[in-house]
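**Q** Sequence and predicted structure, then a few things I'm wondering about:
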Amino acid sequence: MGGALSEPVLIVATEASADLHAARVLEELRRLRPGVAAFGMGGSRLVAAGLEPLHRAEEMSVMGLAEVLPKIPVILRILRDLAAAAGERRPRVALLVDSPDFNLRLAERLKRLGIKVVYYVSPTVWAWRRGRVKTIARVVDRMLCILPFEERFYAGTGVSARFVGHPFADRPLPAPAEAYRERLALPPGRTTVALVPGSRRSELKRIFPAMLEAAERIRLVHPDAQFVVPVAPTLEEAALRPYLAAHRTLEVKLVGGRADEVVGASDAALVKSGTSVLEAALMLRPLVVVYKLSWITYLVGRLLVKLTSFGLVNLLAGRTVVPELLQRQASPARMAEELERLLSDPGAREAQLAGLREVRASLGEPGAPGRVAEEVARMAEP
């Protein structure tokens, strides 16, 4: 499967986690096929890996029904632009990463152009909108799954699916907290709590104020407490500063990216639901999962989603390993209560850490980006 790949490859990643996964695949693809040209949509990591960006992921940094509606004209224009570029450049294969509301629509257009579609990170059709399986079978040539139960879910549906392992399985076991505190220039002996509020401005608005209020409550019990916040690549520090201004006496350190190190430096973490939860869980630090949606998105979701847990860690474990606080439950008082239990109760800490170790072991063998690159290279062959 070696040699140069003269045909271009379309790659589309519309959010921070997809950008990271796609960048690693492109790096592996360049090892397999030196000189491969990639174009499409991505963030800073994908561009650094060699993508020619026709659009940047930051243009679509929204989540939830209420947030998407005002951006529909922008989203449709990006969709048209990418489809038009694919029609002009005629890649044999496209790699679409996550974001099913956008990428499945793009896949429809690519299939009409005769372009093969490799889809990386399956939509959560096992949780809601199962009718999408028929669409996937029609417009996706190869579905590459990162959760162990997804390949089994697709059996018999007409979808060509493969569990490639989770990209986070490549991560080494975490170092002691002191090592990360030294890297982040944090005092080593103090109670340290990570606050991970998400990668979108809409998430910051709903979640970050409550996290900071919870931090104030934690400081009442632990006067030495320091708080660390990773700033997602899709955000700038300036987006967080107005929230911090209301808590001037709270000691909060902002760190550009490096969410894994921030959690690694902590005694416990408050983490926004999503990919960041699994990323935090792999650092083997106690955590609490929180999320707040707009009420219209939440009410629609309650009608459609058929899951007992919304946190990926608990879904993988098949039981409640980490506390989940959603909507009204995600109050400063509840956040502080759950954090304090993990900070002060050794039994609760160890029980959760045992579950996190099980989850880490369930993610498959390392090397997922390489396996995805091999699938893309195979699909690109005449």
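**A** Structure's in. What do you need?

**Q** need the contact list for the nearest residue to Pro197 once chain neighbours are set aside.
**A** Spatial nearest neighbour of Pro197, excluding adjacent residues (Cβ to Cβ, 6 or more residues apart in numbering): Phe208 at 4.2 Å. No exception for glycine: its C-beta is placed from N, CA and C like everyone else's. For Phe208, the contacting residues are 195, 197, 240, 243, by Cβ atoms under 8 Å, 6 or more residues apart in numbering.

**Q** Same check on Glu381?
**A** For Glu381, the contact set (Cβ under 8 Å, 6+ apart) comprises Arg92.

**Q** One more pass at 7 Å, please.
**A** Contact criterion Cβ atoms under 7 Å, 6 or more residues apart in numbering gives no residues in contact with Glu381.

**Q** Could you measure from it over to Arg33?
**A** Distance of Glu381 to Arg33, computed by Cβ to Cβ, to the nearest Å: 10 Å.

**Q** would you say Pro53 is within a strand?
**A** Yes: counting by DSSP: H, G, I helix; E, B strand; the rest coil, Pro53 is found in a strand.

**Q** For it, which non-adjacent residue is spatially closest?
**A** Val47 (5.3 Å).

**Q** Phi first, then psi, for that neighbour.
**A** Torsion angles at Val47 (phi, psi; degrees, to the nearest 10) stand at phi -60, psi -40.

**Q** buried set for the helix or strand harbouring Leu339?
**A** In this structure, Leu339 sits in helix 332-344 according to DSSP states H and E. By 16 or more other Cβ atoms under 10 Å, the buried positions in helix 332-344 come out as 332, 334-336, 338-343.

**Q** give the contact list for Gly40.
**A** Contacts for Gly40 (Cβ under 7 Å, 6+ apart) come out as 10-12, 51, 54, 82.

**Q** returning to that earlier point: contacts for the helix or strand following the helix holding Leu339, please.
**A** As assigned by DSSP H and E, the chain's next helix or strand after helix 332-344 is helix 346-361. With contact meaning Cβ under 7 Å, 6+ apart, helix 346-361 is reached by 281-282, 284, 286, 313, 316-317, 321-322, 341-342.

**Q** Please find the angle between the direction vectors of helix 346-361 and helix 332-344.
**A** Counting by axes from the mean of the first three to the mean of the last three Cα atoms, to 10 degrees, helix 346-361 lies at 90 degrees to helix 332-344.

**Q** May I see the buried residues of helix 346-361?
**A** 349, 352, 355-356, 359-360.

**Q** before we move on, what about stretch 365-376?
**A** In stretch 365-376, counting by 16+ other Cβ under 10 Å, buried: 367-376.

**Q** same deal with stretch 135-144?
**A** Going by neighbour count (16+ other Cβ under 10 Å), the buried part of stretch 135-144 is 135-136, 139-144.

**Q** any idea which of these is closest to Ala161?
**A** Closest to Ala161 out of the buried residues of stretch 135-144 is Met143 (4.2 Å), distances taken as Cβ to Cβ.

**Q** Show the contacting residues for the closest one.
**A** Listed by Cβ under 7 Å, 6+ apart, the contact set of Met143 reads 119, 122, 136, 154, 159-161.

**Q** go on, Arg206?
**A** Counting by Cβ under 7 Å, 6+ apart, Arg206 touches Lys292.

**Q** Check the secondary structure at it for me.
**A** helix.

**Q** likewise the one 10 residues further on?
**A** Counting by three-state DSSP, the backbone at Glu216 sits in helix.

**Q** State the distance from it to Ala269.
**A** 17 Å.

**Q** Settle it for me: which of those two has more neighbours?
**A** Using other Cβ atoms under 10 Å as the criterion, Glu216 and Ala269 rank with Ala269 on top: 29 against 16.

**Q** I'd assumed that one was in a strand, is it?
**A** Yes: counting by three-state DSSP, Ala269 is located in a strand.

**Q** which one of the contacts of Gly40 has the most neighbours?
**A** Ile11 (32 neighbours).

**Q** Tell me who's in contact with that residue.
**A** Ile11 neighbours (Cβ under 7 Å, 6+ apart): 22, 26, 38, 40, 42, 46, 51, 95.

**Q** Could you rerun that using 8 Å?
**A** So Ile11 contacts 22, 25-26, 38-42, 46, 51, 94-95, 97 (Cβ under 8 Å, 6+ apart).

**Q** secondary structure element for it?
**A** Using DSSP H and E, Ile11 falls in strand 9-13.

**Q** Ok, Thr234 next?
**A** Thr234 is part of no helix or strand, with elements assigned from DSSP H and E.

**Q** what's the answer for Glu7, then?
**A** Here Glu7 is assigned to no helix or strand, by DSSP H and E.

**Q** Tell me how many other residues crowd the nearest residue to it once chain neighbours are set aside.
**A** Once flanking residues are discounted, Glu7 sits nearest to Arg92: 5.0 Å by Cβ to Cβ, 6+ apart. Residues near Arg92, counting by other Cβ under 10 Å, number 17.
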